[in-house]
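Quick one: sequence and predicted model below, then my questions.
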Amino acid sequence: MRSALVTGGSRGIGLGIATRLAELGYGLTITARDPETLNAVARELSAAGSPQVAAVAVDLADRDAADTIVAAHGEQFGSMDALVLNAGVGTAGSIADYPMRRFDKTLDVNFRAPFQILQNSIPLLRLVAEADPARGAKVIALASLAGVYSESGLAVYGATKAAMLSLVDTLNAEESAGGITGTSIAPGYVDTDMSDWTKDKIPAESMIRVGDIVELATSILKLSSRAVVPSIVVTRAGAGLGA
Ligand SMILES: NC(=O)c1ccc[n+]([C@@H]2O[C@H](COP(=O)([O-])OP(=O)(O)OC[C@H]3O[C@@H](n4cnc5c(N)ncnc54)[C@H](OP(=O)(O)O)[C@@H]3O)[C@@H](O)[C@H]2O)c1
């Protein structure tokens, strides 16, 4: 059975990707904080075709969350075909006024935890890459357009996303010859709960659809291990490069 770990699999982009992976027959580990939603989604993913779903309710701001998540995936599946580093928190505030408590939480959830989940997952990904060198194992990270082009008010969020782009580039430098390849997807505003705060200015109908990101992620998973796509930038029709 192929298996994937999707962080933030309970809503938005993560749910979209997890649902498609379930339809493709992947065994899944999904994570989020809210256990009720997570368990309900786990049942939906089973109904959508996933042969086995593990739901791990943890807060990525907790320092032991990454260990808990990857250990749970290892126990259930023994290896990992795909790691989707999707969970993230969107925080805004000007540099002049940004509270340092929010700074720490944003870095912990958006960069520290994904780094540690990736680090812990490498042995499981290597098992797949060694067993099937032509296909390899894949890492997909949700970065953001804010990590590529600056936007006022998104200094800290954008920096965490730039860090994810850099992390995936380094993963490719270190692991792609051995069959683990990574891709960052860096979209502008996507119509999910996370972008609700700006929907009075940018209508939901004009935002990128979750389904668009799902198509890109699914295409990446179909590539052979020889093709490396370091990053995909997705802008909104009608918008400039910012936002
Ligand atoms: N929406 C956009 O406009 C947009 C644009 C560019 C990039 N992105 C990136 O795409 C990714 C997914 O975004 P989305 O729009 O799908 O977000 P979303 O709808 O807000 O969903 C976020 C997911 O992550 C989980 N999550 C949030 N904080 C968490 C925490 N501290 N610990 C564990 N899980 C947590 C949520 O579940 P719980 O709340 O239950 O924990 C949920 O499953 C993020 O990395 C985001 O930065 C989004």
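Right, received. Where do you want to start?

near the ligand, which residues of the chain?
Contact residues, the chain versus the ligand (CB under 6 Å from any ligand atom): 8, 10-14, 32-34, 37, 59-61, 86-90, 109, 142, 144, 187, 189-190, 192-195. Where you see a C-beta, it was placed from the backbone N, CA and C, and this is true even at glycine.

ok, now with 5 Å
Applying CB under 5 Å from any ligand atom, one finds that the chain approaches the ligand through 8, 10-13, 32-34, 59-60, 86-89, 109, 142, 144, 187, 189-190, 192-195.

Among those, name the ones in strands.
Among these, the residues falling in strands (DSSP state E) are 32, 142, 187.

Of those residues, which is the most crowded?
With neighbours taken as other CB atoms under 10 Å, the top of those is residue 142, carrying 26 neighbours.

in the longest helix along the chain, what counts as buried?
Ordering each helix of the chain by length in residues (DSSP state H) puts helix 155-175 first. By 16 or more other CB atoms under 10 Å, the buried positions in helix 155-175 come out as 155-165, 167-168, 171-172, 175.

likewise stretch 226-241?
228, 229, 231, 232, 233, 235, 236.

any idea of the mean pLDDT for that stretch?
Mean pLDDT, computed over stretch 226-241, is 92.

and if you look at stretch 138-145?
Stretch 138-145 carries an average pLDDT of 98.

Just the CA trace of stretch 125-134, in PDB.
This file holds the C-alpha atoms of stretch 125-134, laid out as PDB (Å, rounded to 0.1, in the frame of the first residue of the first chain):
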ATOM      1  CA  LEU A 125      10.900   8.100   2.600                       C
ATOM      2  CA  ARG A 126      14.300   6.500   1.900                       C
ATOM      3  CA  LEU A 127      12.800   3.000   2.300                       C
ATOM      4  CA  VAL A 128      10.300   3.800  -0.500                       C
ATOM      5  CA  ALA A 129      13.000   5.400  -2.700                       C
ATOM      6  CA  GLU A 130      15.300   2.400  -2.300                       C
ATOM      7  CA  ALA A 131      12.500  -0.100  -3.000                       C
ATOM      8  CA  ASP A 132      11.300   1.700  -6.100                       C
ATOM      9  CA  PRO A 133      14.100   3.900  -7.400                       C
ATOM     10  CA  ALA A 134      12.300   4.900 -10.600                       C
END
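
can you give me the helices in the chain?
Using DSSP H, helices in the chain cover 12-23, 35-47, 65-77, 100-107, 113-131, 155-175, 210-222.

okay if I get those helices as JSON lines plus mean pLDDT?
Shown next, in JSON lines, are these (pLDDT from 0 to 100):
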{"stretch": "helix 12-23", "mean pLDDT": "98"}
{"stretch": "helix 35-47", "mean pLDDT": "98"}
{"stretch": "helix 65-77", "mean pLDDT": "98"}
{"stretch": "helix 100-107", "mean pLDDT": "96"}
{"stretch": "helix 113-131", "mean pLDDT": "98"}
{"stretch": "helix 155-175", "mean pLDDT": "98"}
{"stretch": "helix 210-222", "mean pLDDT": "98"}
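
export the ones you listed to TSV and tack on distance to residue 4?
Formatted as TSV, these follow (distance: least, CB to CB, whole Å):
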stretch	distance to residue 4
helix 12-23	5
helix 35-47	11
helix 65-77	9
helix 100-107	25
helix 113-131	11
helix 155-175	16
helix 210-222	8
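
Of these, flag the one that's most buried.
When the helices of the chain are scored by mean count of other CB atoms under 10 Å, the highest mean neighbour count falls to helix 12-23 (a mean of 24).

now for the longest helix of the chain, which elements pack on it?
helix 100-107, helix 113-131, strand 137-142, strand 180-187, strand 231-234 (3 or more CB pairs under 8 Å, 6 or more residues apart in numbering; DSSP states H and E).
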